[in-house]
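Peer 1: okay, structure incoming, though there's no sequence with it:
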């Protein structure tokens, strides 16, 4: 049996791919650590003032701040895992599209909760953003159909395919409204940004 060294172009591409994955993982991990830091500090302030309050003018601030807040350690853990996995997948295969899509996913999540939520309720958590990432990756796989895109969408579906149905009312206390807002934003972002990263 003999071995053959990789061609220079192949070796260079492999290094670039590993670098992109590591960079996407580090950015996603930093986001998770930010969520942990905010959760640790939540006992020091009234978090309800920073959550989304549907159809209330003073609840609009939550569109920007609510994804940073979480109601329990379990809530935080579930969203942190999804953010780490989906953020790494999206950022490693679609670095440009993901960077441009994130503000849209963030705003879409909050707007969905603000427009569709029950008056008097409070919405918080990063699950709308993670739903946006899931729909971004899944729809980009359908649109682009190259090998990395298809593989990424399949991995995302394997881990979080259930997000395709949690955009609808299914469980009390779960903000399907923010899930739906994030998902719609992810779909729109995929359509607008599908050509931002080379195949």
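Peer 2: Done, it's in. Quick caveat: nothing in here was measured; it's all calculated off a predicted structure.
Peer 1: does residue 195 belong to a helix, a strand or coil?
Peer 2: coil (DSSP: H, G, I helix; E, B strand; the rest coil).
Peer 1: can you check the pLDDT for it?
Peer 2: Residue 195 carries a pLDDT value of 90.
Peer 1: longest helix in this protein, please.
Peer 2: Determined from DSSP state H, the single longest helix within the chain is helix 8-41.
Peer 1: tell me the helix or strand right after that one.
Peer 2: For helix 8-41, the succeeding helix or strand toward the C-terminus, using DSSP states H and E, is helix 62-65.
Peer 1: how about that next one, which residues are buried there?
Peer 2: Of the residues in helix 62-65, 62-63, 65 count as buried by neighbour count, 16 or more other CB atoms under 10 Å. (Each C-beta comes from the backbone N, C-alpha and C, glycine too.)
Peer 1: residues in contact with it: which ones?
Peer 2: Among residues not part of helix 62-65, those counted as contacts by CB atoms under 8 Å, 6 or more residues apart in numbering are 50-53, 106-107, 110-111, 113-114, 122-124.
Peer 1: please repeat the previous calculation with a cut-off of 6 Å.
Peer 2: Around helix 62-65, the neighbours that count as contacts under CB atoms under 6 Å, 6 or more residues apart in numbering are 50-52, 110.
Peer 1: for stretch 130-145, same thing?
Peer 2: For stretch 130-145, contacts defined as CB under 6 Å, 6+ apart pick out 82-83, 86, 89-90, 101, 105, 149-150, 152-153, 156, 160, 163, 179, 182-183, 185-187, 189-190, 194.
Peer 1: run the chain-centre distance for the longest helix of the chain.
Peer 2: 14 Å (CA atoms, centre = their mean, to the nearest Å).
Peer 1: what of stretch 183-191?
Peer 2: Its chain's C-alpha centre and that of stretch 183-191 lie 11 Å apart, by CA atoms, centre = their mean.
Peer 1: stretch 89-105 too?
Peer 2: 9 Å.
Peer 1: what are the buried residues along the longest helix of the chain?
Peer 2: 20, 24-25, 27-28, 31-32, 35, 38-39.
Peer 1: repeat that for stretch 43-63.
Peer 2: Within stretch 43-63, the residues that count as buried by 16+ other CB under 10 Å are 47, 50-54, 59, 62-63.
Peer 1: pick out the most distant pair among these.
Peer 2: Taking CB to CB, the two most distant members of the buried residues of stretch 43-63 are 47 and 54; they sit 16.3 Å apart.
Peer 1: quick check on the residue nearest the centre of the chain: phi, psi?
Peer 2: Note on the chain: the residue nearest the mean C-alpha position is residue 130, at 3.0 Å, using CA atoms, centre = their mean. Per-residue torsions, residue 130: phi -70, psi -40 (degrees, to the nearest 10).
Peer 1: let me know the pLDDT of it.
Peer 2: Here, the pLDDT recorded for residue 130 equals 98.
Peer 1: repeat for residue 20
Peer 2: 89.
Peer 1: so it sits against residue 92, correct?
Peer 2: Yes: Residue 20 is in contact with residue 92 according to CB atoms under 6 Å; the separation is 4.9 Å.
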